[in-house]
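K.L.:
Can you look at this prediction? I've put the sequence above it.
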Amino acid sequence: MVRKTLRGVFPLMPFVLKKNQEIDLAGLEENVRAYEEAGFDGFVSFGCMGEFYASNFEEFKKVVDVAVGASRKISCVFGTTFHNTRDCVERTKYAQDAGADGVMIGLPYLIPCTAEAAFEHFRIVNEIANEVQIMIYNNPSSFRFNIDVGLWDRLMQLDRVKAVKESNGDVTHRTRVVSHISKRINVFSGGENWLLGDSLVGANSLVGVVAPGAPQAAIQFFEACMRRDLARAVPYHIKFTQVYDDLTAQNEVAWEKACAELGGFKAGPPREPYLPLEGAPRSRLASGLGTLRRMATSHTGARRT
């Protein structure tokens, strides 16, 4: 099976739920096809904002099967992060056998890893990933470990490691890592707020956080960054960064689901005990997304097929 490349604009995919907390597979299927129609290159399901921690294995398998079955031309990436290597391997094997193009993997996060434990985790998963591509997920605020340049020199020797989602917000770290690894693997900025700076030192891809709420704005911004068209990119950078103002560790799943719904996609509530985004934060998000959509419609020729 030929796996599609992990490169370009990959928005987050919500863990689509019904009001009764059951998974909404019809809504997921609708989202995948709508993402394709919007012109995205792929999607990432079961990231942190995609509630990777909230699904049991049976639900995970159903989501993978439906999403892969619904996709026609975009790359499918599924987060297989888990509390231990054995369960991460099990989910990675399932995604691979089901036809996923990639798996996004962070480190076990309850007890922080050492550098050697971190390498061994990825090495073991790499051994069974004989077809599926690995996108390493660096997010020290969630996983309590930071992947630095020294560890990357070892990780880039693993043959299935093809991409990284970089979500360490430290500018010095980002510059060092992105410039060091971007000629060998595809670097995904972990959000629109980091894309402009990352693109100047080698990043060539984006995991879109705001993208589900303003698809064409995200695509135009990405393409402007790739062309280094600062006159077009900088106004987008400022507005995308402003949209993040109400995003917190406590509301990030609710915020992302609201963003997707305001963009016309299916999402539903967060899995309990977490609550939906309501009131002033949702109103401000809607306003910011509206501004981004107006910016996008003021330019022509941005839609990709």
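P.N.:
Received, thanks.
K.L.:
mind listing what's buried in the strand or helix carrying Ser142?
P.N.:
Counting by DSSP states H and E, the secondary-structure element that holds Ser142 is helix 140-143. Using 16 or more other CB atoms under 10 Å as the burial criterion, the residues of helix 140-143 that qualify are Pro140, Ser142, Phe143. No exception for glycine: its C-beta is placed from N, CA and C like everyone else's.
K.L.:
Could you measure from the second one over to Thr80?
P.N.:
For Ser142, the distance to Thr80 under the criterion CB to CB, to the nearest Å works out to 15 Å.
K.L.:
rewinding a little: on the C-terminal side of the helix holding Ser142, identify the next helix or strand.
P.N.:
Taking DSSP H and E, what comes next after helix 140-143 is helix 149-155.
K.L.:
Tell me which residues are up against the helix or strand following that next one.
P.N.:
Towards the C-terminus, the helix or strand next in line after helix 149-155, according to DSSP H and E, is strand 161-166. With CB atoms under 8 Å, 6 or more residues apart in numbering as the contact definition, strand 161-166 has outside contacts at 6-7, 44, 47, 102, 104, 122, 126, 133-139, 147, 155, 174, 177-178, 181, 185-190, 194, 198, 203, 205, 207.
K.L.:
Identify each of the strands in the protein and give its residue range.
P.N.:
9-13, 42-45, 75-79, 102-105, 133-138, 161-166, 186-189, 205-208 (DSSP state E).
K.L.:
Low-confidence regions, this protein specifically.
P.N.:
Within the chain, the stretches with pLDDT under 70 are 300-305.
K.L.:
re earlier: for the helix holding Ser142, packing partners?
P.N.:
In terms of contacts (3 or more CB pairs under 8 Å, 6 or more residues apart in numbering; DSSP states H and E), helix 140-143 is not packed against any helix or strand.
K.L.:
how far is stretch 214-230 from where the chain is centred?
P.N.:
How far stretch 214-230 lies from its chain's middle: 17 Å, per CA atoms, centre = their mean, to the nearest Å.
K.L.:
same question, stretch 149-159
P.N.:
For stretch 149-159 - counting by CA atoms, centre = their mean - the centre lies 21 Å from the chain centre.
K.L.:
So which bits of it are buried?
P.N.:
Residues of stretch 149-159 classed as buried under the neighbour-count rule (16+ other CB under 10 Å) are Leu151, Trp152, Leu155, Leu158.
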